[in-house]
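Visitor: Show me the folded form of this:
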Amino acid sequence: MIKRLKELIGKIGPTIIVAAVVLGPGSILTSSRVGADFGFPAWFVLALSTFLMIGMVALAARLGVTYQRSLCEELAARLGRGASLFVGLVLFLVVALFQSSNNLAIIAGLEPLVEDVGDGSLLAGTGSRVTVLVVINLFVAFCLFRVRSLYSQIERLMKILVLVMICAFTGNLIVVLFGAVGSESIQSSTNEKRDLIPLLGMIGTTFSIGGAFYQGYLVREKGWTLADWKRGLGDSIFGICVLGAVTSFILITSVLTFHGRADAIELKSVGDVARQLEPLFGKGAKVIFSFGIMAGAFSSFLINAVIGGTILSDSLGKGWRLSDAMPRVLTCLALVIGMGVASWSLSGASGTVTLITVAQALTVLGLPMLAAALLYLGTRKELVGDKKIPGWILGTCWLGFVVACVLAVKTALTVWGKAFA
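Guide: Numbers count the residues shown, from 1 in each chain. Alright, predicted model coming up:
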């Protein structure tokens, strides 16, 4: 049993790195908001997002082991460097928005830990919060340039953090289920219109086409061949399903705790969301949940920026391996942009959870272009015989492309309506 578990963890190395982006702080907070607002019907949206993510990850990995060149280099050779650069820039901007939510999540996780210490002034001002972000980003940048064999180190760290989060949130659901037995539901009489931004954000974090696109690079970094892809496909599907299940646990926990209750509060802070753990942990719920949020942020903090830096570098024709200089330089640029957007957001009056969910929802705008690029490469006529992409993968990805287009339009209209309401 233990031997099989070790083999499984080893096989899903590339997938677990993508999973670290999926199970980030945005997924934790937005799924909590969605559970509170929409109830159990939202689970079906989450299940569809997980299914579409499986298709995109499978396609990107298959393309990574099929073509001799990297994905952006294939686009450049077939459509010109401009097309490749456009895809790289789109993904880089998506990453920057993701990165801003990771920065905000670090602050959101720290605030409940320091508010009861002394006078609670450590993170009281915008300046002190920005200082914390600067220190963290400088440390990540230092590791980026100083750590040797960066891929293997990232893979090892992601496995540890993701497995810890899986155990923690699974335990949380069990506790809440026991607490829900015999309890009475206090139904809310309000019929207020529900905000779609958290729902769009949850879909954007679960159906992460940017993370799936990077899978095509991870399998090359890992040295996979077509035979490895065939052997590892089932394990990759298993890995994505596990992450979808964990997000489901968080959503269901929030439904049981907050949905339909007249006494429920608006979830604007980590402390508010952490109330779902109070039946077991009491006042310590905020501390435990804060550590979970920070674990989610750190698990996706570096790898998310690496995705943007690597693919933008490749789209420029400057290399894609983590050992190359340009991907690391552009990764630092992604760190700076994400930190800058987060610092600017912290000066506003909106709650931190609200800022994170908006940033996550906006990433949906870039999904159609990334899905289109993968489908273009996956439907070339020269892909015949063993190189031909299985029909179920293409069918799933075409459905994902349609969903991505609908989401992008809906997100644009929703954000536009809020901005000019």
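Visitor: which residue sits closest to residue 389 in space, ignoring its chain neighbours?
Guide: Nearest in space to residue 389, with sequence neighbours left out and distances taken as Cβ to Cβ, 6 or more residues apart in numbering, is residue 378 at 4.7 Å. Glycine gets a C-beta too; all of them are placed from N, C-alpha and C.
Visitor: OK, contacts around the one you found?
Guide: Shown in contact with residue 378 (Cβ atoms under 8 Å, 6 or more residues apart in numbering): 59, 62, 63, 389, 393, 394, 397.
Visitor: which sections of the stretch 251-400 of the chain are below the confidence cut-off?
Guide: Within the stretch 251-400 of the chain, the set of residues satisfying pLDDT under 70 comprises 260-286, 288-290, 292-299, 347-363.
Visitor: 90 instead, please
Guide: 251-308, 319-325, 328, 337-369, 384-387 (pLDDT under 90).
Visitor: try the stretch 101-250 of the chain
Guide: For the stretch 101-250 of the chain (pLDDT under 90), the answer is 101-133, 135-212, 214-216, 218-250.
Visitor: where do the strands sit along the stretch 301-421 of the chain?
Guide: With DSSP state E, counting those that start in this stretch, there are no strands along the stretch 301-421 of the chain.
Visitor: ranges for the helices of it?
Guide: With DSSP state H, counting those that start in this stretch, the ranges of helices along the stretch 301-421 of the chain come out as 325-346, 352-362, 367-378, 391-419.
Visitor: sorry, back to before: Throw the contacts of residue 378 into JSON lines and include distance to residue 250 and neighbour count, thanks.
Guide: Converted to JSON lines, those look like this (distance: Cβ to Cβ, whole Å; neighbours: other Cβ atoms under 10 Å):
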{"residue": "59", "distance to residue 250": "27", "neighbour count": "26"}
{"residue": "62", "distance to residue 250": "30", "neighbour count": "26"}
{"residue": "63", "distance to residue 250": "31", "neighbour count": "25"}
{"residue": "389", "distance to residue 250": "33", "neighbour count": "19"}
{"residue": "393", "distance to residue 250": "28", "neighbour count": "20"}
{"residue": "394", "distance to residue 250": "31", "neighbour count": "17"}
{"residue": "397", "distance to residue 250": "27", "neighbour count": "25"}
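Visitor: ok so, going back, distance of the residue nearest to residue 389 from residue 37?
Guide: In this view, residue 378 and residue 37 are 36 Å apart by Cβ to Cβ, to the nearest Å.
Visitor: try residue 320
Guide: 40 Å.
Visitor: More neighbours: the two, which one.
Guide: Using other Cβ atoms under 10 Å, the more surrounded residue of residue 320 and residue 37 is residue 320, with 25 against 21.
Visitor: Need the nearest residue in space to the more buried one, chain neighbours excluded.
Guide: residue 314 (3.8 Å).
Visitor: One more: residue 84?
Guide: Here the residue nearest residue 84, using Cβ to Cβ, 6+ apart, is residue 76, at 3.8 Å.
Visitor: tell me the pLDDT at that neighbour?
Guide: If you check residue 76, the pLDDT there is 94.
Visitor: who touches it in this structure?
Guide: Contacts for residue 76 (Cβ under 8 Å, 6+ apart) come out as 83, 84, 315, 317.
Visitor: Can I get the contacts of residue 378 in TSV including distance to residue 198?
Guide: Shown next, in TSV, are the contacts of residue 378 (distance: Cβ to Cβ, whole Å):
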residue	distance to residue 198
59	28
62	33
63	32
389	34
393	30
394	31
397	26
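Visitor: wait, which of those residues is closest to residue 31?
Guide: residue 397 (23.8 Å; Cβ to Cβ).
Visitor: isn't that closest one right up against residue 376?
Guide: No: counting by Cβ atoms under 8 Å, residue 397 does not reach residue 376; the two are 10.9 Å apart.
Visitor: Tell me which stretches of the stretch 1-150 of the chain form helices.
Guide: Under DSSP H, counting those that start in this stretch, the stretch 1-150 of the chain gives helices at 2-11, 13-22, 25-38, 42-66, 71-79, 81-114, 126-146, 150-180.
Visitor: what sits up against stretch 318-333?
Guide: So stretch 318-333 is contacted by 70, 72, 92, 141, 144-145, 150-151, 154, 217, 220-221, 305-306, 308-314, 316 (Cβ under 8 Å, 6+ apart).
Visitor: What subset of those is buried?
Guide: Buried by 16 or more other Cβ atoms under 10 Å: 70, 72, 92, 141, 144, 150-151, 154, 217, 220-221, 305-306, 308-314, 316, out of these.
Visitor: Could you measure from the residue nearest to residue 143 when sequence neighbours are not counted over to residue 211?
Guide: Excluding the flanking residues, the one nearest residue 143 by Cβ to Cβ, 6+ apart is residue 302, at 7.3 Å. As judged by Cβ to Cβ, residue 302 and residue 211 stand 14 Å apart.
Visitor: now residue 92
Guide: 14 Å.
Visitor: try residue 319
Guide: Residue 319 is 21 Å from residue 211, by Cβ to Cβ.
Visitor: Those two: who's more crowded?
Guide: residue 211 (31 against 15).
Visitor: wait, isn't that one in contact with residue 307?
Guide: Yes: using Cβ under 8 Å, residue 211 makes contact with residue 307 at a distance of 6.8 Å.
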